[in-house]
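J.: sequence and predicted model, in that order:
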There are 2 protein chains.
Amino acid sequence: MDKLEDYKRPSVAVDIVVFTIMHGRLKVLLIKRGREPFKDLWCLPGGFVRIDESPENAALRELKEETGIKDLYLEQLYTFGKPERDPRGRVISIAYFALVDSTKIKPAVTGEEGIKKIGWFDVDFLPDLAFDHKEIITYALKRLRYKLEYTAVGFELLPDKFTLTDLQKLYETILGEKLDKRNFRKKAMAMGIVEKTREQRKGSHRPALLYTFRKKASSSAFKQVKFEK
Amino acid sequence: MDKLEDYKRPSVAVDIVVFTIMHGRLKVLLIKRGREPFKDLWCLPGGFVRIDESPENAALRELKEETGIKDLYLEQLYTFGKPERDPRGRVISIAYFALVDSTKIKPAVTGEEGIKKIGWFDVDFLPDLAFDHKEIITYALKRLRYKLEYTAVGFELLPDKFTLTDLQKLYETILGEKLDKRNFRKKAMAMGIVEKTREQRKGSHRPALLYTFRKKASSSAFKQVKFEK
DNA sequence: CCTGTTAGTGTCTTTGTAACACTATCTTAT
DNA sequence: ATAAGATAGTGTTACAAAGACACTAACAGG
């Protein structure tokens, strides 16, 4: 009864939801499928877990293979395993949630061999997606918003040096609401999660101080969880 | 490259961490292994996912088979997938997190066929465990404490009718700290997550009013997430 | 009816959250 | 040189939630 051979084994895959912020919009990385099923539909980057690698390494490997992305924040999201979720057969997929700073994305990521195309899509305007990938993205989005409110994960989406306005815009973009500038800055400073540098960013207006993220205090809540009656 | 046949498939299992409160202590359900590897060591209830069932159903089925437990709160916890976690070969395990009210546990759950024994263990005094099950329990405990602070999941551990003292003791047991009686009751009432019944529980002292859980307001925070500097 | 035991209740202080508007500094155009 | 445009940066007050704290009430049993 406990022998591994007694059971038909499902295939195990990983799918990764990679978020970034581009031009003030939250984007997800998608790949155009080159073959059936769902040929020419968009889907999440991912692939099968090899027999000797951990799911997390599979996720990192697939991301590198398919998109060249290397340094990113990665965490396990949820395992999707309904028997009918893949028309090819039984595939259980461990979904991952990733964040990248858009300045680190390689520009030449489109049209590799002409078979696959990859693209960044605005989360509010997603195309039709293969498999249950829409559901996975919805789940990831929920997690992103949730995490943003009570952890300092947002820094993963910014370059090493950023202005407080950058940081605030990031929060506003993801949470979908305006935040008060003074309260936002007060809180960021009070929590000690950002640190001043001596550099400035210039434009045709008053220059802004650049800040860096202080990893030490990273476990703090940025905004307290809302209290519903 | 995308054919399912091209890949060696891992086995996929589920493991369930079932918590209950007995005699004011937090307990986990464990099973004594009847065969190698790790014969006679304790482990989490669980088993392999069948080719045509969802992981969640596998978890429910295994729990019923092994322990007779039927009605419980169940949610996916995390998928453990390091290649070396099972000496029999590659096994990826989807861990679940479950809560049962101890009054619903069948008493005759020990010594089925004399092969397997099952038992409830105090989380602070766990025996040696098979596989990486210790790690899984640690992870589940973290999740339990975390969820208790910001959701109303604690009710899953109580019978339908309970006193506010019962509820408070439950929180104290799991969080491992004393809570203030007046503040606790004030908050429980203010949030509207409990409802008075007209029944009382008697003892050799002042009788206590019984309350029920109001499912409507279940998404509220019971205690706000702590804010660390 | 006294004792033991648990149930039940209110106020004040502290802390965090939310609302709110003006000045400062730079660039560019005239 | 200076005015206009644009973004950076800053403090106070009011409100809401959390935390600390101690006594009275109701029952059973002796």
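T.: Now that the structure is in, tell me what you want to look at.
J.: is the longest helix seen in chain A in proximity to chain B?
T.: Ranked by residue count, the top helix of chain A under DSSP state H comes out as helix A:133-150. Yes: shown here: helix A:133-150 in contact with chain B (CB under 8 Å from any CB of the partner chain) through residue A:150. Using the backbone N, CA and C atoms, a C-beta is placed for each residue, glycine as well.
J.: any buried residues in that helix, and which?
T.: A:133-134, A:136-137, A:139-141, A:143-144, A:147-150 (16 or more other CB atoms under 10 Å in any protein chain shown).
J.: does it reach DNA strand D?
T.: No: counting by CB under 7 Å from any atom of the strand, DNA strand D has no neighbours in helix A:133-150; the shortest distance is 13.8 Å.
J.: show me what that helix is packed up against.
T.: Helices and strands touching helix A:133-150, by 3 or more CB pairs under 8 Å, 6 or more residues apart in numbering or on different chains; DSSP states H and E, are strand A:11-22, strand A:73-80, strand A:91-99, helix A:164-175.
J.: what is the orientation angle of it with strand A:11-22?
T.: Note on geometry: by axes from the mean of the first three to the mean of the last three CA atoms, to 10 degrees, helix A:133-150 and strand A:11-22 are set 50 degrees apart in direction.
J.: avg pLDDT for helix A:133-150?
T.: Across helix A:133-150, the average pLDDT comes to 96.
J.: secondary structure class for residue A:179?
T.: Counting by DSSP: H, G, I helix; E, B strand; the rest coil, the backbone at residue A:179 sits in coil.
J.: what about it, distance to chain B?
T.: According to CB to the nearest CB, to the nearest Å, residue A:179 stands 17 Å off from chain B.
J.: pull the contacting residues for that residue.
T.: Contacts for residue A:179 (CB atoms under 8 Å, 6 or more residues apart in numbering or on different chains) come out as A:168, A:171, A:172.
J.: quick check, nearest of the residues you listed to residue A:125?
T.: Closest approach between the contacts of residue A:179 and residue A:125, by CB to CB: residue A:172, at 18.5 Å.
J.: so that closest one touches residue A:180, yeah?
T.: No: checked against CB atoms under 8 Å, the pair residue A:172 and residue A:180 is beyond contact range at 10.6 Å.
J.: okay, now the domains of chain A?
T.: For chain A, automatic domain parsing gives the domain ranges A:4-149, A:151-217.
J.: for those domains, give me TSV that also has distance to residue B:158.
T.: Converted to TSV, those look like this (distance: least, CB to CB, whole Å):
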stretch	distance to residue B:158
domain A:4-149	26
domain A:151-217	30
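J.: out of these, deepest packed?
T.: The highest mean neighbour count among the domains of chain A, using mean count of other CB atoms under 10 Å in any protein chain shown, belongs to domain A:4-149: a mean of 18.
J.: three-state assignment of residue A:198?
T.: Relying on three-state DSSP, one would call residue A:198 strand.
J.: quick one: contacts for it?
T.: Listed by CB under 8 Å, 6+ apart, residue A:198 has no contact partners.
J.: thinking again about what came up before, any chance of the contacts of residue A:179 in a markdown table, plus distance to DNA strand C?
T.: Output for these, formatted as a markdown table (distance: CB to the nearest atom of the strand, whole Å):
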| residue | distance to DNA strand C |
| --- | --- |
| A:168 | 12 |
| A:171 | 12 |
| A:172 | 13 |
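J.: quick one: low-confidence parts of chain A?
T.: In the predicted model, chain A carries pLDDT under 70 at residues A:1-3, A:5, A:107-116, A:216-229.
J.: which strand or helix spans whichever residue of it sits closest to DNA strand C?
T.: Scanning chain A for the residue nearest DNA strand C gives residue A:206, at 2.6 Å (criterion: CB to the nearest atom of the strand). Taking DSSP states H and E as the criterion, residue A:206 maps to strand A:205-213.
J.: output the contacting helices and strands for that strand.
T.: Counting by 3+ CB pairs under 8 Å, 6+ apart, strand A:205-213 packs on helix A:164-175, strand A:194-203.
J.: parallel or antiparallel, which strands does the last one pair with?
T.: If you go by DSSP bridges, strand A:194-203 pairs up with strand A:205-213 (antiparallel).
J.: picking that back up, from the buried residues of helix A:133-150, pick the one nearest DNA strand D.
T.: Using CB to the nearest atom of the strand, residue A:150 comes nearest to DNA strand D of the buried residues of helix A:133-150, at 13.8 Å.
J.: so how far is stretch A:41-56 from its chain's centroid?
T.: Counting by CA atoms, centre = their mean, to the nearest Å, stretch A:41-56 is centred 16 Å from the centre of its parent chain.
J.: near chain B at all, that stretch?
T.: Yes: counting by CB under 8 Å from any CB, contacts between stretch A:41-56 and chain B involve A:48, A:49, A:50, A:51, A:52, A:53, A:54, A:55, A:56.
J.: please apply the same query to stretch A:118-131.
T.: No: applying CB under 8 Å from any CB, one finds stretch A:118-131 separated from chain B by no less than 11.7 Å.
J.: endpoints of that stretch, how far apart?
T.: One end of stretch A:118-131 to the other measures 17 Å (CA to CA, to the nearest Å).
J.: doesn't residue A:139 make contact with residue A:44?
T.: No: checked against CB under 8 Å, the pair residue A:44 and residue A:139 is beyond contact range at 11.6 Å.
J.: any common contacting residues for the two?
T.: Residues touching both residue A:44 and residue A:139 by CB under 8 Å, 6+ apart: residue A:95.
J.: which residues touch the closest residue to residue A:75 other than its chain neighbours?
T.: Nearest residue to residue A:75 in three dimensions, chain neighbours excluded: residue A:97, at 5.3 Å (CB to CB, 6 or more residues apart in numbering or on different chains). Contact analysis of residue A:97 by CB under 8 Å, 6+ apart lists A:16, A:17, A:19, A:74, A:75, A:76, A:77, A:140, A:143, A:144.
J.: hmm, the fifth one is touching residue A:59, no?
T.: No: counting by CB under 8 Å, residue A:75 does not reach residue A:59; the two are 10.0 Å apart.
J.: mutual contacts of these two, please.
T.: Residues touching both residue A:75 and residue A:59 (CB under 8 Å, 6+ apart): A:96, A:98.
J.: distance of residue A:155 from residue B:26?
T.: Separation of residue A:155 from residue B:26 (CB to CB, to the nearest Å) stands at 35 Å.
J.: hmm, I typed the wrong one, I wanted residue A:86.
T.: Using CB to CB, residue A:86 is found at 39 Å from residue B:26.
J.: what's the farthest-apart pair in the contacts of residue A:97?
T.: Greatest spatial distance in the contacts of residue A:97: A:19 and A:76, 15.1 Å, computed using CB to CB.
J.: near DNA strand D, which residues of chain A show up?
T.: Counting by CB under 7 Å from any atom of the strand, the positions of chain A adjacent to DNA strand D are A:163-165, A:181-183, A:185-186, A:203-209, A:227.
J.: one more time with 6 Å, if that's ok
T.: Within reach of DNA strand D by CB under 6 Å from any atom of the strand, chain A has these residues: A:163-165, A:181-183, A:185, A:204-206, A:208-209, A:227.
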